[in-house]
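> sequence first, predicted model second:
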Amino acid sequence: MLLQYLLAFLLIFASANINALPSVPAARLSKPGHQRVEKPPSVAIPPATSVPSRQAYLLDTVIDYDRHFVTVDETIMYPNLTGRELNSLTLAIAANLWPNCFTLSNINIDDVDVAEYSLRAHRLDVPLRSPLQPDSVTKIRLRYTLTLPYMDQANSLRARIFGFGEVQMNLVNWYPYVVPNVDGEWVIREPWSHGEYLSYPLADFEVNVVFTNPLNAPLVASSGSAERIGEFTRYTLRGGRAFALSASRDFQVSSMKVGQITVNSYYLPLYRNAGEAAMYASAQAIQVFSQKFGLYPHESLSVVLADFKDSMEFSGLYFHSRSFYDLYDGTPANYLTFVAVHETAHQWWFDAVANDQALEPWLDEALSTYSEAIYYETVHPELLSYWWSNRIDFFHPAGHIDVPVHDFPNDDVYKQVVYFNGAHFLQELRMRIGDDAFFAFLRDYFAQSRGKMTTTTEFFEILDANTDMDYSDITSRYFRNE
Ligand SMILES: [Zn+2]
């Protein structure tokens, strides 16, 4: 990896042509002199006149930034779209994997307190007093606090993303949510040493945030569009998977528009050039992927400098490792751009089109990695071969790509197979069926799978509807379950 960084550093390419972009002043969340907390009226929870097509989350959130303490009053409107009667609900709460972090004070369902429930590791099972019929809606209210863990990167094998560190406070997978139900089974997997393991339903989010010390509130980056309402700032995200938030008193933000979409980049002041380059790459990627796959699913994208050693996608937001900002050399031939484009592609392959990230991670990771190639061939065609040799082939990709995260011994092997060999699979497939069929397939796959949780089977069904070519020799090399 280090050698690759050095190679990227030594090669000199034409200037990235990143013009000086206007810097947006850091908008503070609260005006001085007001301590009273008023809850704004909700727009997330609609009146129950019809069955909504997806879940809705209202998170009234009070953050004590200096004490790393968060108080949440959460309401979920859950429509039973499973086609079956439900006797219980299963929620995921990853924050409970941290010791002494998540403290649940109350659950109630349809305004009746729940006395008995089961909370083990990241799984919360809540029995229902009476069965929830298909196409009916239930309201779940949870009140809890989060004592945030310190993001101790030095003593952790994998990046620590949730909690507080020297630079920022990150809220990711921080609220309980009802997991997808597929064929009567709740989709909730075990965490692993690498890769992602959570599956998310499509949902609307309204997150109302207030800081206990408004005089010294940090700058907030989030998955949603922000709107000041009294003491609160309301963040709204429609049709997303995972609402994330990052706050820092050190953040500086630059913004730009691509069509109707706002891209905000949050970084530390010394990284302004890299922060704006990541923003610019993401804006270009949004343009390219909107043309090649289908429209970007949200109103905004937040690019957030992450004081940890990896980048990570959430809805309308991705964390971008500080190490890439450190290595940025002013050209698009480096990891800052590779990974900015990759994480942007996850808004199509992870957010709009979701999948079981634990059991079929290739569906979002191979496509997001290959989307980098599509970006380079479109925006920087002179760098495409550099991208293949440095981003992919340097790692000697090999192995069957349709393997669960739990079957890999470590993150390096996981990426070598799922990301890098996955990119080769898609390239071979494209060469076989031709560009026209390949891009028609990607558009069709995006259109048909958007808002759903897709599977390998559906991937190939939609592929077969777009080509008559025989590609079975390719799948037999890349898939163990062809
Ligand atoms: Zn990825």
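Ah, there it is. Numbering: from 1, shown residues only.
> now for the residue lying closest to residue 481 once chain neighbours are set aside: which residues touch it?
Spatial nearest neighbour of residue 481, excluding adjacent residues (Cβ to Cβ, 6 or more residues apart in numbering): residue 402 at 5.8 Å. To be clear about C-beta, it is placed using only N, CA and C from the backbone, and glycine gets the same treatment. Residues in contact with residue 402 (Cβ atoms under 8 Å, 6 or more residues apart in numbering) are 360, 362, 456, 478, 479, 480, 481.
> quick check, residue 402 in a strand?
No. Assessed with DSSP: H, G, I helix; E, B strand; the rest coil, residue 402 is coil; it does not lie in a strand.
> pLDDT value on it, please?
Per-residue pLDDT puts residue 402 at 94.
> quickly find the element holding whatever residue of the stretch 151-300 of the chain ends up closest to the ion.
Closest contact between the stretch 151-300 of the chain and the ion, by Cβ to the ion, is at residue 196 (8.4 Å). Using DSSP states H and E, residue 196 falls within no helix or strand.
> ok, the closest residue to it other than its chain neighbours to the ion distance?
Using Cβ to Cβ, 6+ apart and skipping residues adjacent in sequence, the residue nearest residue 196 is residue 357, 4.0 Å away. Plainly put, residue 357 is 10 Å away from the ion if you go by Cβ to the ion, to the nearest Å.
> which residues does residue 248 contact?
Neighbours of residue 248 in contact, by Cβ under 8 Å, 6+ apart: 167, 168, 169, 218, 219, 266.
> how about CSV for those, with neighbour count and distance to residue 329 added?
Formatted as CSV, the contacts of residue 248 follow (neighbours: other Cβ atoms under 10 Å; distance: Cβ to Cβ, whole Å):
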residue, neighbour count, distance to residue 329
167, 18, 23
168, 25, 25
169, 22, 30
218, 21, 30
219, 18, 27
266, 29, 21
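> where strands are concerned, which of the residues you listed count?
In this view, the contacts of residue 248 that belong to strands under DSSP state E are 169, 219, 266.
> I'd like those written out as TSV, with distance to residue 111 and pLDDT added.
Below are the ones in strands among the contacts of residue 248 laid out as TSV (distance: Cβ to Cβ, whole Å; pLDDT from 0 to 100):
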residue	distance to residue 111	pLDDT
169	33	97
219	37	97
266	39	98
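> between those, which is nearest residue 370?
Using Cβ to Cβ, residue 266 is the member of these that sits closest to residue 370, with 27.5 Å.
> what's opposite that closest one in the beta bridge?
Beta-bridge partners for residue 266, by DSSP bridges, are residue 253, residue 304.
> that one contacts residue 249, doesn't it?
No. Look at residue 266 against residue 249 with Cβ atoms under 8 Å: they stay out of range, at 11.9 Å.
> where do the contact lists of these two overlap?
Taking Cβ under 8 Å, 6+ apart as the contact rule, residue 266 and residue 249 both touch residue 219.
> what residue ranges in the stretch 351-482 of the chain score low on pLDDT?
Counting by pLDDT under 70, the stretch 351-482 of the chain contains low-confidence ranges at 482.
> any chance you could map the helices in it?
Secondary structure of the stretch 351-482 of the chain (DSSP state H, counting those that start in this stretch): helices located at 362-379, 384-387, 411-414, 422-433, 435-449, 456-464, 472-478.
> give me the distance between the residue nearest in space to the middle of the chain and residue 174.
Central residue of the chain (Cα atoms, centre = their mean): residue 314, 1.6 Å from the mean position. For residue 314, the distance to residue 174 (Cβ to Cβ, to the nearest Å) stands at 11 Å.
> by mean pLDDT, point me to the weakest helix or strand of this structure.
The helix or strand of the chain with the poorest confidence is strand 23-24; it has a mean of 32 (mean pLDDT, DSSP states H and E).
> please enumerate the helices of the stretch 201-350 of the chain.
Using DSSP H, counting those that start in this stretch, helices in the stretch 201-350 of the chain cover 272-292, 322-327, 335-345.
> which of those is buried the deepest?
helix 335-345 (a mean of 26; mean count of other Cβ atoms under 10 Å).
> angle of that one against helix 272-292?
Inter-element angle recorded for helix 335-345 and helix 272-292: 40 degrees (by axes from the mean of the first three to the mean of the last three Cα atoms, to 10 degrees).
> and helix 335-345 with helix 362-379, angle?
Using the same axes, to 10 degrees: helix 335-345 against helix 362-379 is 120 degrees.
> close to the ion, is stretch 371-384?
No. Stretch 371-384 lies out of reach of the ion by Cβ under 5 Å from the ion, never closer than 9.8 Å.
> list the buried residues in that stretch.
371, 372, 373, 374, 375, 376, 378, 379, 380, 383, 384 (16 or more other Cβ atoms under 10 Å).
> repeat that for stretch 52-66.
Neighbour-count burial for stretch 52-66 flags 52, 54, 55, 56, 57, 58, 59, 60, 61, 62, 63, 65 (criterion: 16+ other Cβ under 10 Å).
> also stretch 295-313?
Neighbour-count burial for stretch 295-313, with 16+ other Cβ under 10 Å as criterion, is recorded at 295-298, 300-308, 310-313.
> can you redo the helices of the stretch 201-350 of the chain as TSV with mean pLDDT and distance to the ion?
Shown next, in TSV, are these (pLDDT from 0 to 100; distance: least, Cβ to the ion, whole Å):
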stretch	mean pLDDT	distance to the ion
helix 272-292	98	13
helix 322-327	96	14
helix 335-345	98	6
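> which one of those helices lies closest to residue 178?
By Cβ to Cβ (comparing all of the helices of the stretch 201-350 of the chain), the closest turns out to be helix 335-345, at 26.1 Å.
> contact partners of that closest one?
The contact list for helix 335-345, computed with Cβ under 8 Å, 6+ apart, reads 5, 8, 274, 277-278, 281-282, 285-286, 289, 301, 303, 311-313, 318, 320-321, 323-325, 327-328, 367-369, 371-372, 375-376, 387, 391.
> just the CA trace of that helix, in CSV.
Extracted as CSV, the C-alpha positions of helix 335-345 are listed here (Å, rounded to 0.1, in the frame of the first residue of the first chain):
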residue,chain,number,x,y,z
TYR,A,335,-6.4,7.9,-3.6
LEU,A,336,-8.1,11.1,-2.6
THR,A,337,-9.9,11.0,-6.0
PHE,A,338,-10.1,7.2,-6.4
VAL,A,339,-11.9,6.8,-3.1
ALA,A,340,-14.0,10.0,-3.4
VAL,A,341,-15.4,8.7,-6.6
HIS,A,342,-15.9,5.2,-5.1
GLU,A,343,-17.8,6.6,-2.1
THR,A,344,-19.9,8.8,-4.3
ALA,A,345,-20.8,5.7,-6.4
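> can you check the pLDDT for residue 18?
32.
> repeat for residue 45
pLDDT for residue 45: 57.
> please begin residue numbering at 8 from this point
I'll keep to 8 as the first residue from here, and by that count the last item is residue 52.
> give the helix, strand or coil label for the closest residue to residue 316 other than its chain neighbours.
Closest residue in space to residue 316, ignoring its immediate chain neighbours: residue 166 at 5.2 Å, by Cβ to Cβ, 6+ apart. When classified by three-state DSSP, residue 166 comes out as coil.
> number of nearby residues for residue 166?
Residues near residue 166, counting by other Cβ atoms under 10 Å, number 18.
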